[in-house]
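Novice: Fold the following for me, if possible:
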Amino acid sequence: MADNDTSGVQGDENPWITLIRKSQKARGMEKWFEACRKIRDVYRYDDSQTVKVRKYQIFWANIEVMKAATYAKPPKADVTRRFTDKDDTARQAGMMVERCIDFTFDSENYDGKFKLVRDDFLLYARGQARAVYEPVMETVDMGGGEGDDLDTADAEGVQAAGEEIERDAEEEAGSHEGDTSEDNDTPASQEVLKFERVKIVFVHLKDFAHDDARTWDEVTWVAFAAYLTKKEVEKRFVDENGEPMTDEAGVKISERLAYNNKSTDDAGKDDNLEKKAKIWEVWDRSENRVLWVAEGFAHALEEDEPYLKLTGFYPCPRPAYGTLTSDSLVPRPDYTYYQDQAEEIQQLTARIAALQDSLKVVGFYAGGPDGAGFPELERAATAGVENRMIAVRNWAQFAANGSVPPVIFWPVEMVSQVLEGCVKLRAALIEDVYQITGISDIVRGATDPDETKGAQVLKSQHGSARMRTRQEELGRFCRDFTRIVGEIICNHFQPETIMAMANMPLPTDQEVLMQLQQQEAQARQQAAMQQAAQHQAQVAAAIRQAQAPQPGAMASGGSRATPAPAPGAPAMGAIP
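Specialist: Presented below is the predicted three-dimensional model:
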């Protein structure tokens, strides 16, 4: 694993930038990025308009089939208690969180971002996304100037979402008491919390980095790249006075950043796009901190404790991985396992196209005297010549010996045989690809009418088993991301926001107390009933023991002797 100790790094380069660069080149990551670039070119088929070579797009077809087979519909939240105890408060709380998650999924287009993760997972064997908590602020007039119809109580109710903002408003109101200057006519405004949201951000391949680890549990830091314009940098990084942050020399950091007109290293340049700076957001679990770093700065632009309290620390789940081994987190795309067969299919497709061009009627005939030929023969073989009479100038020579001049035709039968063999070989290679990828005829929606029902059932079972692994991995990613969204809502959202999103009122303290009292009364009643049942069982056992015959001497004839009555007791059968 990579060492996070960056104390020995010299120069103006930020140590975290050095670690990020090393992580993207460690143990095969650079080769993986290059493989992903080639796979993207094959999938997109960008040279289809420039290279006039016929190709068989089996890779694109396989990906399109697996898209629908691995991710069919957006996920739904299911918040349930681990143990099904009779706790109505916990049931209502789970219902509220579930509604909030479903509302967030619908309003923030989680389905579209999950599909992007699915595409990267199928193409490159790794898909990633992250959660971002974003409060929505609103400027509220707090001064009560003329024409202001905003009620102060309503404003304070909105401010209840942030106690610190409310205290600042009260201090500001107190500082203006007794002030008779003209400034009192100007209403004071304050930013208050209006709403809260949890956005999902799709993370591109080169915009995600982590330390060199064998398994995800060993990862100690992750980094996400963000691309900000100059105005966004000045708004995001400010000092304690709210002014744009500057360096030691007093120069704004927005002036020192390197801006480019492309978001990723692989994207094409466009001068019409606004230039952006690349800034890395690093989540360091070992030191419990979050840093923002950029190239050209020796120190972090900002460093603080994590602004999200999450069980897994990171604002993202484990990426959706394809093929992995236990000693590396560098994935292997599925295309690499049948790349040889795909290239052979492309070669055969090009050969079949060339042979198809050779499937035409071509004849050879002897020229006449002094090189004079018979243009009538060429005219007869021309396309579009049907039901016509063709005049022959030199009829005597043309009809010599009572027939037309001998013609030798191009051996089209041989070309047809070679073409048929190429088609059969390509079909065999395509079947090999389906065996490697696990895409059966049933999954592709094709079937052979000559096959038996048992053969089709076997294909269906085989395809379902191979697809289940991919489905479970994407399901695991969506489940982990749903848990992160639920944690952010429970830990950081205000009660008013949760009630608005869930369309359910939170129970008051009195209602909660009444529920607790009812539960305690039910518990006492159940305990009393259990004690009564135990007491009755003990009494019944004592009666049965008392009525059981006691061991004694055997009477004559093998019968047990009847015990003599106790002194003073009535005889058996006697009426007392």
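Novice: from the chain's centre, how far out does the helix or strand containing residue 538 sit?
Specialist: Per DSSP states H and E, residue 538 falls inside helix 509-547. Remark: helix 509-547 is offset 51 Å from the chain centroid, using C-alpha atoms, centre = their mean, to the nearest Å.
Novice: do the same with stretch 496-506
Specialist: The chain centroid and the centroid of stretch 496-506 are separated by 27 Å, computed with C-alpha atoms, centre = their mean.
Novice: Over to stretch 107-119?
Specialist: Relative to the chain's own centre, stretch 107-119 is displaced by 7 Å; criterion: C-alpha atoms, centre = their mean.
Novice: buried stuff in that stretch?
Specialist: If you call a residue buried by 16 or more other C-beta atoms under 10 Å, then stretch 107-119 has these buried ones: 108, 110, 113-119. All C-beta atoms are positioned from the backbone trio N, CA, C, and that covers glycine.
Novice: From the contact counts, what lies against the helix holding residue 538?
Specialist: helix 88-107 (3 or more C-beta pairs under 8 Å, 6 or more residues apart in numbering; DSSP states H and E).
Novice: Residues in contact with the next helix or strand after the helix it packs on: which ones?
Specialist: Using DSSP H and E, the helix or strand that follows helix 88-107 in sequence is helix 110-124. Residues from elsewhere that reach helix 110-124 (C-beta atoms under 8 Å, 6 or more residues apart in numbering): 32, 36, 39-40, 43, 63, 66-67, 70-71, 74-75, 104-105, 126-129, 200-202, 205, 320-322, 331, 333-335, 470, 473-474, 477-478.
Novice: In CSV, could you pull the C-alpha coordinates for helix 110-124?
Specialist: The C-alpha trace of helix 110-124 is given here as CSV (Å, rounded to 0.1, in the frame of the first residue of the first chain):
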residue,chain,number,x,y,z
TYR,A,110,-30.5,9.3,-9.4
ASP,A,111,-31.7,6.9,-12.1
GLY,A,112,-29.7,8.7,-14.8
LYS,A,113,-26.5,8.8,-12.7
PHE,A,114,-26.9,5.1,-11.7
LYS,A,115,-27.1,4.3,-15.4
LEU,A,116,-23.8,6.2,-16.0
VAL,A,117,-22.2,4.1,-13.2
ARG,A,118,-23.7,1.0,-14.9
ASP,A,119,-22.1,1.9,-18.3
ASP,A,120,-18.7,2.4,-16.8
PHE,A,121,-19.0,-0.8,-14.9
LEU,A,122,-19.8,-2.8,-18.1
LEU,A,123,-17.3,-1.0,-20.3
TYR,A,124,-14.3,-0.5,-17.9
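Novice: Quick one: buried ones out of the contacts of helix 110-124?
Specialist: 32, 36, 39, 43, 63, 66, 70-71, 75, 104-105, 126-129, 200-202, 205, 320-322, 331, 333-335, 470, 473-474, 477-478.
Novice: what's the distance between residue 489 and residue 318?
Specialist: 21 Å (C-beta to C-beta, to the nearest Å).
Novice: Show me which of the two is the more surrounded one.
Specialist: residue 489 (23 against 17; other C-beta atoms under 10 Å).
Novice: Can you tell me how far that one is from residue 502?
Specialist: On the measure of C-beta to C-beta, residue 489 and residue 502 end up 10 Å apart.
Novice: any residues in contact with both of these two?
Specialist: Joint contacts of residue 489 and residue 502 (C-beta under 8 Å, 6+ apart) are 97, 100.
Novice: Okay, strands next: where are they in this protein?
Specialist: 126-141, 189-203, 208-210, 221-228, 259-260, 276-284, 289-294, 302-304, 320-321, 323-325, 328-332, 363-365, 407-409 (DSSP state E).
Novice: Between those strands, which one is closest to residue 245.
Specialist: strand 302-304 (8.1 Å; C-beta to C-beta).
Novice: Can you point out the buried residues in that closest one?
Specialist: Taking 16+ other C-beta under 10 Å as the criterion, strand 302-304 shows none as buried.
Novice: out of the strands of the chain, deepest packed?
Specialist: Ranked by mean neighbour count under mean count of other C-beta atoms under 10 Å, the strands of the chain are led by strand 320-321, which reaches a mean of 23.
Novice: Tell me which other helices or strands it touches.
Specialist: helix 110-124, strand 126-141, helix 453-492.
Novice: just so I know, which of those lies nearest residue 228?
Specialist: Among those, if distance is taken as C-beta to C-beta, the winner is strand 126-141, at 13.8 Å.
Novice: quick one: strands adjacent to that closest one?
Specialist: strand 189-203 (antiparallel), strand 320-321 (antiparallel) (DSSP bridges).
Novice: now for these, which one comes closest to residue 241?
Specialist: Closest to residue 241 of these is strand 189-203 (C-beta to C-beta; 16.2 Å).
Novice: The closest one vs strand 221-228, what angle?
Specialist: With axes from the mean of the first three to the mean of the last three C-alpha atoms, to 10 degrees defining the directions, strand 189-203 sits at 120 degrees from strand 221-228.
Novice: for the record, mean pLDDT for strand 189-203?
Specialist: In this model, strand 189-203 has an average pLDDT of 87.
Novice: centre of the chain versus that strand, how much separation?
Specialist: With C-alpha atoms, centre = their mean, you get 22 Å for strand 189-203.
Novice: in the stretch 251-400 of the chain, which spans are helices?
Specialist: 253-256, 339-358, 375-380, 395-398 (DSSP state H, counting those that start in this stretch).
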